[in-house]
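1. dropping the sequence and predicted coords here.
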Amino acid sequence: MLERFFPELNKTLIPYFRYRTPKFILVEVPLVGIVHRLCQLGALAYVISNLFMGSGWSVKSVPLGSVNPWVELGDYSTMAETTSSYDSLQYCSNPAFAYNYGGGFIYGTAADPPICDSPNTYTVTEKTVNSVFLTTAYIHNQEAGFPCDGGNAGSGTAFVPEDECTQKLGAGSNVVKYANGQCVCKSPTKTYYPLGVEQMEVVFEHFFHTLETVKVDGQTLKGSSSIADAENPLRTRFEFSNHTYVDYDAGVPIKIKVADLLQAAHHAVCEKGSVADKRDGKDDGKCETGIVLDERNVDVQADADDTSKFPYFRTTGVSVSLNIAYTNANEDQRAELNNREVISTVKATVQTGAWSSVGGTTTYQVYPSGEIGAQTWELSSRYKQGVMVHMMSSGTIYSFDFFNLVTVLITGLVLLKTANTVADFVAFFCLGAGQSLVLRNKRCEKVSKKSEFAETGLKAALAAHQFNFFDRDHNGSIEASDIVRAFANIENSDGGPAVSCEQAHAIATAIMDDADVDDASKDALDFSEYMTCLDGDALSFNAFLTKLQLQTELSTYKECKDSYDAQRKESEKNTNRRKPISERLPGRAAEISSRKASTSSRKGAMSTTELTGAQERKREGGAMV
């Protein structure tokens with residue numbers, strides 16, 4: 001383009017804007033070619049797999065989610081209404097459920113095992129922003145405070161704190177006396193199991209939205225499980241540990257009974273042959289069933305009095321995590337371009353290796369009154385264990401990302417280049433019969449100043465001999481007519497000229513346009529220009545001459561000088577110098593300058609094409625004469 005419309009600018013820019021490509025060797029060994037193609041196919045397969053199977057064109061982001069959980073009664077009240085004898089239930093008043101943790105935490109004894117009651121639902125459930133807690137067991141005790149002297153000091157009336165304590169809190173109560181005169185009466189602890197708490201229901205709604213920076217089809221995504229007529233209703237799938245599931249449509253709260261939730265939960269840790277693994281009746285390491293409250297929790301501390309005895313889950317409680325994962329991937333878990341439909345999947349995970357509690361609560365029947373050391377109060381306290389259901393959100397939203405796409409493509413190009421490296425290794429180190437040695441030597445060109453100068457010098461000597469063929473009148477320059485005359489000697493097999501006069505002239509013109517760099521000679525090549533044209537990939541011949549180190553002190557110098565001087569005399573004797581072209585054709589200099597400035601790239605390309613065609617035809621017709 002520049003050469004055609006701005007030839008002078010093109011000529012000026014050439015020294016500063018050059019691009020070099022690597023030099024390649026064509027290896028015609030099928031084994032190497034097969035290895036190279038296989039590596040290329042592997043790189044191509046990786047790119048295709050990453051783009052379509054690995055969603056490499058997309059960026060993955062986690063949506064922001066929120067949950068609103070609560071607890072509903074379910075059949076909790078019905079259990080109290082229909083159960084005539086609580087003792088008929090396995091866990092009510094059963095000595096097997098008694099357990100001593102140690103440190104004062106006693107969940108019943110064999111003589112006084114945990115008993116069942118049916119307290120108000122709000123006393124056995126708690127709610128936070130993203131969790132609910134259901135009490136399965138609690139230790140209950142009462143406390144009363146009073147002055148150790150009964151507040152009647154000096155009245156003469158005998159006051160016995162132990163009797164006062166028994167009167168307030170019943171038999172088995174004990175008195176703790178403080179040094180400041182304060183007495184505290186404490187009742188025996190009692191463990192209770194809320195009747196049928198596993199019949200309550202965990203209910204929740206959930207919501208999500210993506211950040212402003214994450215857009216699918218030009219818009220952010222949002223959804224709610226509670227809105228049925230939304231533009232993109234949010235369906236919810238609850239996955240059970242046995243690989244079954246239940247689907248909930250938008251607009252319907254997600255509701256599941258606590259007993260079913262525990263049974264459907266996946267285990268956080270599942271070791272083959274463990275109790276958790278064998279609950280489904282199979283010793284396969286899959287743990288395809290959750291837990292029930294009335295089985296022992298063997299993953300916690302054994303009874304302080306009997307190390308072979310473990311507490312029941314109803315006593316220890318259990319922690320359950322509900323993970324709500326959002327995604328706009330298809331059913332095959334692959335990303336789809338501009339897919340705005342988001343589905344959510346809920347998975348419950350149970351952690352059995354720890355106790356689950358929210359600690360104790362205190363209720364005052366009589367608030368403290370009186371002076372310090374002589375205060376009066378009455379209270380009851382409960383320390384609770386239970387099922388903690390904690391909810392969290394996660395997931396992956398896929399959206400198109402140009403830079404990810406470019407990264408995958410660049411990775412593919414790098415792998416394609418790696419295919420070349422593998423093929424090179426095979427070609428240069430793994431082929432037998434000396435093939436790899438030949439190829440290595442062909443690839444590795446040894447270059448040094450000494451070897452290059454020797455090569456350039458020998459080329460110069462051969463070029464000097466050839467120069468005389470062109471410069472028949474020995475005037476020290478080769479003109480276009482000399483080059484054209486050389487082509488006149490070449491014939492086709494039919495006796496006609498292999499290169500026409502017009503083609504020969506085009507060739508000579510192309511040579512002069514590139515090789516004639518000395519404006520003083522104008523359309524003629526001196527020996528330096530001729531030599532540089534032949535060996536153009538090295539330094540110019542004049543530069544080569546200036547870099548030579550003269551060796552006149554060597555013993556061979558005198559013999560070489562005598563030979564040189566003799567040949568010079570012979571050359572000068574035979575010289576019939578022709579006048580320079582500028583003298584023979586005075587208007588030629590102006591013509592040359594004009595032609596160089598206006599010659600189109602099209603004409604040059606045509607000349608080159610004709611030259612190439614002539615060379616190819618000559619190769620087909622026979623060797624040059």
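-> Received it, and whenever you're ready, just let me know what you need. Numbers count the residues shown, from 1 in each chain.

2. hey, which helix or strand in this structure has the poorest pLDDT?
-> helix 601-621 (a mean of 41; mean pLDDT, DSSP states H and E).

3. I'd like to know how many residues surround Tyr193.
-> Using other C-beta atoms under 10 Å, the number of residues around Tyr193 comes to 29. Every residue, glycine included, has its C-beta placed from N, CA and C.

4. that one and His140 touch, don't they?
-> No. If you go by C-beta atoms under 8 Å, Tyr193 and His140 don't touch, sitting 11.3 Å apart.

5. before we move on, what SS does Cys287 have?
-> coil (DSSP: H, G, I helix; E, B strand; the rest coil).

6. okay, buried residues for the helix or strand in which Thr509 is found please.
-> In this assignment (DSSP states H and E), Thr509 forms part of helix 501-515. Buried residues in helix 501-515, counted by 16 or more other C-beta atoms under 10 Å: Gln503, Ala504, His505, Ala506, Ile507, Ala508, Thr509, Ala510, Ile511, Met512, Ala515.

7. then stretch 292-309?
-> Leu293, Arg296, Asn297, Val300, Ala302, Asp303.

8. the nearest residue to the first one once chain neighbours are set aside and Ile34, how far apart?
-> Going back to what we said before, that points to Leu293. If the residues on either side of it in the chain are set aside, Leu293 comes closest to Arg314, at 4.2 Å by C-beta to C-beta, 6 or more residues apart in numbering. Look at Arg314 and Ile34: by C-beta to C-beta, to the nearest Å, they are 69 Å apart.

9. more crowded one of those two?
-> Arg314 (26 against 12).

10. rewinding a little: ok but the residue nearest to Leu293 is inside a strand, no?
-> No. Counting by three-state DSSP, Arg314 is not found in a strand; it is helix.

11. domain parsing for the protein?
-> Domain segmentation of the chain under automatic domain parsing yields 1-57+401-445, 64-400, 452-621.

12. most neighbours per residue, which of those?
-> Highest mean neighbour count among the domains of the chain (mean count of other C-beta atoms under 10 Å): domain 64-400, with a mean of 17.

13. and the end-to-end length of it?
-> Using C-alpha to C-alpha, to the nearest Å, the end-to-end distance of domain 64-400 comes to 19 Å.

14. could I get the average pLDDT for that domain?
-> The pLDDT scores in domain 64-400 average 90.

15. same check, this time on stretch 489-496
-> Per-residue scores along stretch 489-496 average to 73.

16. just give me how far the lengthiest helix in the chain sits from the chain centre.
-> The single longest helix within the chain, with elements called by DSSP state H, is helix 402-429. Between the centre of helix 402-429 and the centre of its chain there are 18 Å (C-alpha atoms, centre = their mean, to the nearest Å).

17. now for that helix, which elements pack on it?
-> Under the contact definition 3 or more C-beta pairs under 8 Å, 6 or more residues apart in numbering; DSSP states H and E, helix 402-429 sits against helix 30-48, helix 435-443.

18. save these as a markdown table, and put in mean pLDDT and distance to Ile410 too.
-> Below are these laid out as a markdown table (pLDDT from 0 to 100; distance: least, C-beta to C-beta, whole Å):
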| stretch | mean pLDDT | distance to Ile410 |
| --- | --- | --- |
| helix 30-48 | 91 | 10 |
| helix 435-443 | 80 | 27 |
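
19. and the strands in the stretch 351-500 of the chain?
-> Along the stretch 351-500 of the chain, the stretches classed as strands by DSSP state E, counting those that start in this stretch are 357-369, 376-400, 478-479.

20. which of these sits closest to Phe208?
-> strand 376-400 (6.6 Å; C-beta to C-beta).

21. tell me the strands beside the closest one, with direction?
-> Note on strand 376-400: by DSSP bridges, its sheet partners are strand 58-61 (antiparallel), strand 131-147 (antiparallel), strand 318-327 (parallel), strand 357-369 (antiparallel).

22. kindly reformat those as CSV containing distance to Ile106.
-> Output for the strands paired with strand 376-400, formatted as CSV (distance: least, C-beta to C-beta, whole Å):
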stretch, distance to Ile106
strand 58-61, 51
strand 131-147, 8
strand 318-327, 20
strand 357-369, 15
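
23. ok, the nearest residue to Pro63 once chain neighbours are set aside - contacts?
-> Counting by C-beta to C-beta, 6+ apart, the nearest residue to Pro63 once its immediate chain neighbours are dropped is Phe208, at 4.5 Å. Neighbouring residues of Phe208 by C-beta atoms under 8 Å, 6 or more residues apart in numbering: 63-66, 221-223, 234, 326, 342, 344, 393, 395.

24. hmm, back to that, and the helices and strands packed on helix 402-429 as CSV, adding distance to Phe105?
-> Listed next are the helices and strands packed on helix 402-429 as CSV, based on distance: least, C-beta to C-beta, whole Å:
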stretch, distance to Phe105
helix 30-48, 59
helix 435-443, 78
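
25. looking at the ones you listed, which is nearest to Val366?
-> Counting by C-beta to C-beta, Val366 lies closest to helix 30-48 out of the helices and strands packed on helix 402-429; the figure is 76.9 Å.

26. mind listing residues that contact that closest one?
-> 27, 408-409, 411-412, 415-416, 418-420, 422-423, 426-427, 431.

27. and those residues, which two are furthest apart?
-> The distance between the two most remote of these (C-beta to C-beta) is 34.1 Å, for Val408 and Leu431.

28. and the closest residue to Asp112 other than its chain neighbours, bridged to which residues?
-> The spatially closest residue to Asp112, leaving aside those adjacent along the chain, is Lys190, at 7.3 Å (C-beta to C-beta, 6+ apart). Following DSSP bridges, Lys190 is listed with bridge partners His140.

29. any idea how far Phe97 is from Lys190?
-> Lys190 sits 13 Å away from Phe97, going by C-beta to C-beta.

30. give the residues shared as contacts by those two.
-> In contact with both Lys190 and Phe97: Gly108, using C-beta under 8 Å, 6+ apart.

31. where does Val350 fall, phi/psi-wise?
-> When read as degrees, to the nearest 10, the backbone of Val350 gives phi -110, psi 140.

32. ok, now how distant is Tyr46 from Ala265?
-> 39 Å.

33. likewise for Gly145?
-> Gly145 is 44 Å from Ala265, by C-beta to C-beta.

34. related to what we said a few turns ago, didn't the residue nearest to Asp112 look like it was pressed against Ile139?
-> Yes. Using C-beta under 8 Å, Lys190 is in contact with Ile139, at 7.3 Å.

35. wait, which of the buried residues of helix 501-515 is closest to Ala566?
-> Ranked by distance to Ala566 (C-beta to C-beta), the buried residues of helix 501-515 are led by Ala515 at 30.9 Å.

36. I'd say that closest one and Cys533 touch.
-> Yes. Using C-beta under 8 Å, Ala515 makes contact with Cys533 at a distance of 3.9 Å.

37. hey, what's in contact with both of these two?
-> Residues within reach of Ala515 and of Cys533 at once, by C-beta under 8 Å, 6+ apart, are Leu525.

38. the closest residue in space to Thr121 that isn't next to it in sequence: what's it in contact with?
-> Leaving aside its sequence neighbours, Thr121 sits nearest to Leu73 (C-beta to C-beta, 6+ apart; 5.9 Å). For Leu73, the contact set (C-beta under 8 Å, 6+ apart) comprises Thr121, Met200, Glu201.

39. quick one: what helix or strand has Gly81 in it?
-> Heads up, residue 81 is Glu, not Gly. Using DSSP H and E, Glu81 falls in helix 76-82.

40. list the pairing partners of the following helix or strand past that helix within its sheet, with orientation.
-> Scanning forward in sequence from helix 76-82 by DSSP H and E, the next helix or strand is strand 99-102. Strand pairing for strand 99-102, using DSSP bridges, gives strand 105-107 (antiparallel).

41. shaky segments in the stretch 501-625 of the chain?
-> 519-522, 536-545, 547-549, 551, 554, 556-557, 559-561, 563-565, 567-568, 570-625 (pLDDT under 70).

42. wait, what's in contact with the residue lying closest to Lys215 once chain neighbours are set aside?
-> Nearest residue to Lys215 in three dimensions, chain neighbours excluded: Ser399, at 6.1 Å (C-beta to C-beta, 6+ apart). The neighbours of Ser399, taking C-beta under 8 Å, 6+ apart as the test, are Ser58, Val59, Ser61, Val214, Lys215, Val216.
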